[in-house]
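Q: My questions are about this predicted structure, shown below with the sequence.
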Amino acid sequence: NASEGLVWNCKGSYMSQLEKSCDAARPDNKRQKVSSRYIEEILQDPRSCKPFVSDSTSLEDEKGNSDRTKQRLVRLDLSGRDDFGNQECLALAQWLLPSSDKGSKIIELAMNRLYINNLNEDAFGALAESLKMNKTLIRLDLERNGLGTKGGKVIGRVLAINDTLKSLNLSLNDLKAKANASKERNGESDSAEDIGRALAANSSLQELILVRSALGPKGGTALAKYGLAQNKGLIHLDLEGNDLMATGGF
């Protein structure tokens, strides 16, 4: 089916795509080491890195690995940092890979107001590829990142493949579904449609927050038509301030 195709394509091309992205955006090994230290220092900063407190008593059962609960699970908050750029994003992407021991303890990640969509395509692409394959994160907060339609489509592709995220916040990202009669003829789609299709394939996500995301009636309809009607896992959906009107709300 379509979701199996997505997974196969990701696994088949994932490492080569990520390696190319990192190589293209990395000027030298010295800069890479500096960026890696940047993440390490943040993990030692109590203002940005806090112990993770689970609201579930069965975390180890859900993750299928009781040894992981013996680690120092953390909530990493990068929100509003003005020193987070392309190289730092690439370093974070490397940390979030399933093969990374360092990133395996990051359970929650907050990246508010970083405007990651303004990063170059290599950095943003590497982060997205890592998020697709990550098996540790259960909460991801991307509020107010200027994602727009293009960035929303990227996150939609992440959701279609990632099977461990339980909570995703995309509020204040202007994921507007544009009224364009020719887009379907051209094979194009809006971010709301991509996120909707991802919800149809995703059964792990329990909370999706889309407050003031400028979806409008067409965005609400796209979410319902392409995803919500088929989704089996979502428990909490927040669409406040999206001007869905009667057509989108229905």
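A: Now that the structure is in, tell me what you want to look at. Residues are numbered from 1 along each chain as shown.
Q: shaky segments in this structure?
A: Along the chain, segments meeting pLDDT under 70 span 1-35, 52-72, 102-103, 177-189, 247-250.
Q: for the residue positioned nearest the centre of the chain, what are its contacts?
A: Nearest residue to the geometric centre of the chain (C-alpha atoms, centre = their mean): Ile155, 5.3 Å. Neighbour list for Ile155: Ala128, Leu142, Leu147, Leu168, Leu170, Ser191, Ile195 [criterion: C-beta atoms under 8 Å, 6 or more residues apart in numbering]. The way it works is simple: take the backbone N, C-alpha and C, and place the C-beta from them, glycine included.
Q: Using TSV, lay out those together with distance to Asn134, neighbour count and secondary structure.
A: Formatted as TSV, the contacts of Ile155 follow (distance: C-beta to C-beta, whole Å; neighbours: other C-beta atoms under 10 Å; DSSP: H, G, I helix; E, B strand; the rest coil):
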residue	distance to Asn134	neighbour count	secondary structure
Ala128	11	20	helix
Leu142	14	25	coil
Leu147	18	24	coil
Leu168	13	22	strand
Leu170	17	25	coil
Ser191	21	28	helix
Ile195	18	30	helix
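Q: May I see the buried residues of stretch 138-146?
A: Ile138, Arg139, Leu140, Asp141, Leu142, Glu143, Arg144, Asn145 (16 or more other C-beta atoms under 10 Å).
Q: Of the residues you listed, which belong to helices?
A: Assigned to helices by DSSP state H, none of the buried residues of stretch 138-146 qualify.
Q: Nearest to Ile161, out of those: which one, please.
A: Leu140 (13.7 Å; C-beta to C-beta).
Q: for the closest one, what are its contacts?
A: Glu108, Leu109, Met111, Leu131, Leu165, Ser167, Leu168, Asn169.
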